[in-house]
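Engineer: sequence and predicted structure are below.
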Amino acid sequence: MAGINAASSHIPTENNDRPAKKINKKLRLTFIAYFFMAPALILVALFVIYPIVYSIPLAFTDYSAIGETHYVGLDNFKRAFQDQGFWIAMKNSAIFVACVPVLQILSILLAVLVNTKLRGIVFFRVMYYIPVITSMIAISIMWSFIFNQDGIINSLLLDMGLIKSPIYFLADTKYALFSLMFVTVWQGLGYYMMLYLAGLQSVPAELNESAMIDGASKAVTFFKITLPMLQPYIWFCTLFSLLAALGVFDVVFAMTKGGPDGATMVMNLYTYNKAFQSFEFGYSAAAGLVMSIITTLFSVLIFIYGRKGGSGNG
Amino acid sequence: MAKKALLYVILIVVAIICAGPFFWMLSTSFKGSENIYEMALIPKHPTFANYVGVVEFLQLHKYIWNTLYMTFFGILLDVGFASLCAYPLAKFDFYGKKLIISALLVTQILPAAAGLIVNYITVGALGMMGSYWAVIIPSSVTVFSIILFRQAYFSISNEVLEAARIDGASEIKIWYRVMVPQIMPTVSTVIIFDFINKWNNFLWPIIVLDSDKYPIAAALNNLKGAFNFQFGYIAAATIISIVPIIIVFVFFQKNYINSVAGAVKG
């Protein structure tokens, strides 16, 4: 009741807001707003924004765990470009990008597969998603076990007579990187499937039905209607997984630590090792900066695309 | 009918590929150490020895406690601070709003070239190194949560807010009496996201903590190297580490998946 009375006495003055009063109100809200935002903004500034900014000058120093720090100009970058290990890591990260098309094509097919109203379909979707939410450490343990020389894959292949001696999936320089890529695809499948499924479900059902009535085959419907409708999703997911592939770290750290003999050394592990094994913070920052510049170019692409409102606001 | 059956066959084959390793690990965790590579999915002589072993010899409960502690306080800070921060960003007209929002969005695009190093230095300078807070604080408030909460406040009508103001309620009171109850679905989304992320976190804890304070994923990583011959223990520990995540996910999967899908559209 008090509310109504108060409202009737206040509204007229609010409507005739003089500029000074408006500014006063805004100042008051500004004060309250920053009071509310302070705890979160301080944490974000300190642990999210500061690292982004401070990483850059760090790359031009010889900062390390011991000794004085000096400005060294471009020395770190020169050293990186002359280091064979840096290029091996670059190459392996680039090879990892081959996961992207495989992952996207399989995910789209899987999304189409689970986009039905079959009984129990939610159960299957959940099953496919479980690898996504599992820690990479647990995944690495499971797959190391399966990939083991006495593991189930080798046992099956030996039993079927397809191979004569066990394959060292993780210990052979020929196979290690591909084994990690396999695990990456396996883990990411459910994630992209869910995104594409959301895309499929935003396709009006009538569109597919009318195509069917027109006598279009399943394949034609897929290529002429489904894929074009999914295009914004394909674009987003491809760039997103491209960034993930270039920045691959967890699976390598958990399963091979870059071995055997550098066969799975990737950029992010290279910079990690330089930082936390040899404590060459400045050098690590420089190598990381090279990588960041490459990935930022791709992120900016995503961002520009996203701002264009490729798929609305949600 | 035949078509339907074929569809189910495909669905089941994919399910075996995706979930098979989990069942294989589950089965292994019940096998004795002598028949760890036995091909049978159902162990001939199932035993709980591995589960007893990981708790008795490896003190797994200690790592679970560490994980729960860091996960709980991390979530508390994120939900509290991020939802408080997002409120004025969604509902107030104030000086510097555009700047703050742009700064937050930029963090979503620009990577920190040496983020681990800089945070390592910061945590050291704050004297937190080696304490649980070295893990809890840096990753507590995420920009992603702030964005999710901001979206949630947008869907609350301004009339509610104005009415409460006219009633003379203080802004903080309006926030927790009027706003927070209406964003509960997003609160639960953030809790699930955070729970999964924090429960699975291993890299940063390895960098800043001593091994007796490790969360479960980091402890598992240690175990893996140190205990290669007792694989049954590792299998049991792996299962124990996965189960809470799967339970949370299965219960909240609808909410969780909608948010994941929504993130693409946003």
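Structural biologist: Alright, I've got the coordinates.
Engineer: low-confidence stretches in the stretch 1-150 of chain B?
Structural biologist: For the stretch 1-150 of chain B, the stretches flagged by pLDDT under 70 are B:33-38.
Engineer: isn't A:Met255 up against A:Phe182?
Structural biologist: No - counting by C-beta atoms under 8 Å, A:Met255 does not reach A:Phe182; the two are 10.9 Å apart. Quick note: C-beta positions are derived from backbone N, CA and C, even for glycine.
Engineer: neighbour count: these two, which is higher?
Structural biologist: A:Met255 (24 against 17; other C-beta atoms under 10 Å in any protein chain shown).
Engineer: residues in contact with the more buried one?
Structural biologist: Shown in contact with A:Met255 (C-beta atoms under 8 Å, 6 or more residues apart in numbering or on different chains): A:140, A:143-144, A:170, A:179-180, A:183, A:264.
Engineer: again, 7 Å this time
Structural biologist: A:140, A:143-144, A:170, A:180 (C-beta atoms under 7 Å, 6 or more residues apart in numbering or on different chains).
Engineer: can you check B:Gly130 too?
Structural biologist: Here B:Gly130 is in contact with B:208-210 (C-beta under 7 Å, 6+ apart).
Engineer: try 10 Å
Structural biologist: B:123-124, B:208-210, B:213 (C-beta atoms under 10 Å, 6 or more residues apart in numbering or on different chains).
Engineer: does it belong to a helix or a strand, and which?
Structural biologist: Using DSSP states H and E, B:Gly130 sits in no helix or strand.
Engineer: now swap in B:Leu76 and tell me
Structural biologist: Going by DSSP H and E, B:Leu76 is part of helix B:60-77.
Engineer: report the buried residues of that helix.
Structural biologist: B:60, B:63-64, B:66-67, B:70-71, B:73-75, B:77 (16 or more other C-beta atoms under 10 Å in any protein chain shown).
Engineer: show me what that helix is packed against.
Structural biologist: Here helix B:60-77 touches helix A:19-44, helix B:49-56, helix B:133-136, helix B:184-200, helix B:203-208, helix B:216-226, helix B:231-265, going by 3 or more C-beta pairs under 10 Å, 6 or more residues apart in numbering or on different chains; DSSP states H and E.
Engineer: joint contacts of A:Met255 and A:Phe182?
Structural biologist: By C-beta under 10 Å, 6+ apart, the residues touching both A:Met255 and A:Phe182 are A:143, A:147, A:169.
Engineer: for burial, what's the neighbour tally of the first one?
Structural biologist: Here the count is done by other C-beta under 10 Å, and A:Trp143 has 25 residues near it.
Engineer: just the one 3 residues further on next, same as before
Structural biologist: With neighbours defined by other C-beta under 10 Å, the count for A:Ile146 comes to 17.
Engineer: ok so it is a helix residue?
Structural biologist: Yes - under DSSP: H, G, I helix; E, B strand; the rest coil, A:Ile146 sits within a helix.
Engineer: measure it to B:Pro21 for me?
Structural biologist: 6 Å (C-beta to C-beta, to the nearest Å).
Engineer: between these two, which contacts overlap?
Structural biologist: Common contacts of A:Ile146 and B:Pro21, defined by C-beta under 10 Å, 6+ apart, comprise A:152, A:183.
Engineer: all helices for the stretch 101-250 of chain A, in order.
Structural biologist: All helices of the stretch 101-250 of chain A, identified by DSSP state H, counting those that start in this stretch, fall at A:121-133, A:136-147, A:152-159, A:176-201, A:205-213, A:218-221, A:227-246, A:250-255.
Engineer: need these in CSV (columns: distance to B:Leu148 and mean pLDDT).
Structural biologist: Formatted as CSV, the helices of the stretch 101-250 of chain A follow (distance: least, C-beta to C-beta, whole Å; pLDDT from 0 to 100):
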stretch, distance to B:Leu148, mean pLDDT
helix A:121-133, 18, 93
helix A:136-147, 24, 92
helix A:152-159, 41, 89
helix A:176-201, 16, 94
helix A:205-213, 29, 69
helix A:218-221, 35, 81
helix A:227-246, 18, 89
helix A:250-255, 24, 94
